[in-house]
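Participant: I'll drop the sequence and a predicted model, then ask my questions.
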Amino acid sequence: MILVLVDHDLGELDPLSLRAITAARKLSADVQGVVIGATSEASSKLAYVVGEHGASVLHVAQHEGLTDYTPAASGRALAQLVEKLKPEAVLAAGSPRGNEQLAHLATLLDLPMAAECSVISLSKSPGVPHSVTRARWAANLLEEAFVHSDLLIATVLAFSVEAEPVPGSSAATVENFQPSLEPSDLIVRVMGRGGESSKGGVTLADAKVIVSGGRGVGGPEGFAQLEELAGLLGGAVGCSRVVTSAGWRPHAEQVGQTGTKVAPDLYIAAGISGAMQHIAGCKNSKTIVVINTDPEAPILAYADYAIIGDLHKVIPALTSAIKEMKG
């Protein structure tokens, strides 16, 4: 049996978890999910979706301390469930949260963890290691490795597997359990939310179109034209790390290795040079359009279409053309 961590944010499913479930189905016919700290209402909704994708059971960890993201407590709950179920492997999405929670699990069990795996091969023989292919250096290097542990703990590289529903499947059976947590498990946790979390709208993870800006935008006021274009296209605004470091935009909008990895239908990169960290976050986009004054910018190597020009002239021109088309 393969156990998959189904990550969520206040009941909102992380779509990458469905990709992890699909990856698990390629390894075993018996796939079960576990969700940490979801309400009964949210658990029912999650059970339906994960059941559609092949999970037969959804284990729900419920505890008064699990009111929001609490990574150490998640690791503790997972460790106790692993002890009870004794799965062959524990998988999660290769997201910052998925990697963090499984790292806590691995630490508690004193076992190795393989992160960002694009290929996983489970060993069926005792003493024979599992084999994995891992993405390293912002996915610019693929590493083949062996994992010497009976239990495989691994995360699935974001967007390396397509989420595939199972025809004729039904909702997963919900089984609640209450983990025994220690005070130290609850030291690091989300205490409150504000700012960008209250804005609503299309998120980077869900957006089919992303208009992203970098240093070339010139400052926080320059993002107004990107917001207008994104709004016309029904998309979201993203940005590079240098932009969030400068305080121009919130971290929630950062695309990259230390931000959000995205795979929209259309990614428009305006004024972004294309550092490795940023490319790691956007290279899975179906179509990449680059707007840059520098014909030698590294990001051009990944572009499907490039416009060499001033974004402050190109973006308004695009916006005007789209408005004219919409009448």
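Facilitator: Received it, and whenever you're ready, just let me know what you need.
Participant: So, low pLDDT: which residues of the stretch 51-200 of the chain?
Facilitator: 194-200 (pLDDT under 70).
Participant: where along it do the helices fall?
Facilitator: 71-85, 96-109 (DSSP state H, counting those that start in this stretch).
Participant: ditto for the stretch 201-327 of the chain
Facilitator: 223-232, 241-245, 276-282, 311-326.
Participant: Rebuild those helices as CSV, extending it with mean pLDDT, mean neighbour count and distance to residue 78.
Facilitator: C-beta: built from backbone N, CA, C; applies to glycine. Formatted as CSV, the helices of the stretch 201-327 of the chain follow (pLDDT from 0 to 100; neighbours: other C-beta atoms under 10 Å; distance: least, C-beta to C-beta, whole Å):
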stretch, mean pLDDT, mean neighbour count, distance to residue 78
helix 223-232, 97, 18, 37
helix 241-245, 96, 19, 30
helix 276-282, 93, 22, 27
helix 311-326, 96, 14, 45
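Participant: CSV for the helices of the stretch 51-200 of the chain, including distance to residue 242?
Facilitator: Formatted as CSV, the helices of the stretch 51-200 of the chain follow (distance: least, C-beta to C-beta, whole Å):
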stretch, distance to residue 242
helix 71-85, 27
helix 96-109, 19
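Participant: need the contact list for the most centrally placed residue in the chain.
Facilitator: Centroid-nearest residue in the chain, with C-alpha atoms, centre = their mean: residue 95, separated by 4.1 Å. Contact analysis of residue 95 by C-beta atoms under 8 Å, 6 or more residues apart in numbering lists 7, 14, 16, 155, 158, 261.
Participant: which of the residues you listed lies closest to residue 66?
Facilitator: Nearest to residue 66, judged by C-beta to C-beta, of the contacts of residue 95 is residue 7 at 13.1 Å.
Participant: In this structure that closest one contacts residue 97, no?
Facilitator: Yes: at 5.5 Å, residue 7 counts as touching residue 97 under the criterion of C-beta atoms under 8 Å.
Participant: shared neighbours, those two?
Facilitator: Joint contacts of residue 7 and residue 97 (C-beta under 8 Å, 6+ apart) are residue 14.
Participant: Comparing those two, which shows the higher neighbour count?
Facilitator: The residue with more neighbours, out of residue 7 and residue 97, is residue 7; 22 against 18, by other C-beta atoms under 10 Å.
Participant: how about the nearest residue to that one, chain neighbours excluded?
Facilitator: The shortest distance from residue 7 to any non-neighbouring residue, by C-beta to C-beta, 6 or more residues apart in numbering, is to residue 14 (4.3 Å).
Participant: The one you found contacts residue 205, doesn't it?
Facilitator: Yes: using C-beta under 8 Å, residue 14 is in contact with residue 205, at 7.4 Å.
Participant: Contact partners for residue 155?
Facilitator: Residue 155 touches 20, 91-95, 98-99, 102, 113-117, counting by C-beta under 8 Å, 6+ apart.
Participant: Among those, which lie within strands?
Facilitator: The strands, defined by DSSP state E, take in 91, 92, 93, 94, 114, 115, 116, 117 from those.
Participant: what's stretch 293-309 in contact with?
Facilitator: So stretch 293-309 is contacted by 216, 269, 272-275, 278-279, 282-283, 287-292, 310-311, 314 (C-beta under 8 Å, 6+ apart).
Participant: buried ones in that stretch?
Facilitator: Burial within stretch 293-309, assessed by neighbour count using 16 or more other C-beta atoms under 10 Å, is assigned to 297, 299, 300, 302, 303, 306, 307.
Participant: from those residues, which single one is nearest residue 40?
Facilitator: Nearest to residue 40 among the buried residues of stretch 293-309, with distances taken as C-beta to C-beta, is residue 302, at 44.4 Å.
Participant: Distance check, the closest one against residue 157.
Facilitator: As judged by C-beta to C-beta, to the nearest Å, residue 302 and residue 157 stand 18 Å apart.
Participant: what do you get for residue 61?
Facilitator: For residue 61 relative to residue 157 (C-beta to C-beta), the value is 25 Å.
Participant: out of those two, which sits in the busier spot?
Facilitator: More crowded of residue 61 and residue 157, by other C-beta under 10 Å: residue 157, with 26 against 22.
Participant: shouldn't the more buried one be in contact with residue 139?
Facilitator: Yes: applying C-beta under 8 Å, one finds residue 157 in contact with residue 139, separated by 7.3 Å.
Participant: Spell out which residues are contacts of both of the two.
Facilitator: Residues touching both residue 157 and residue 139 (C-beta under 8 Å, 6+ apart) are residue 116.
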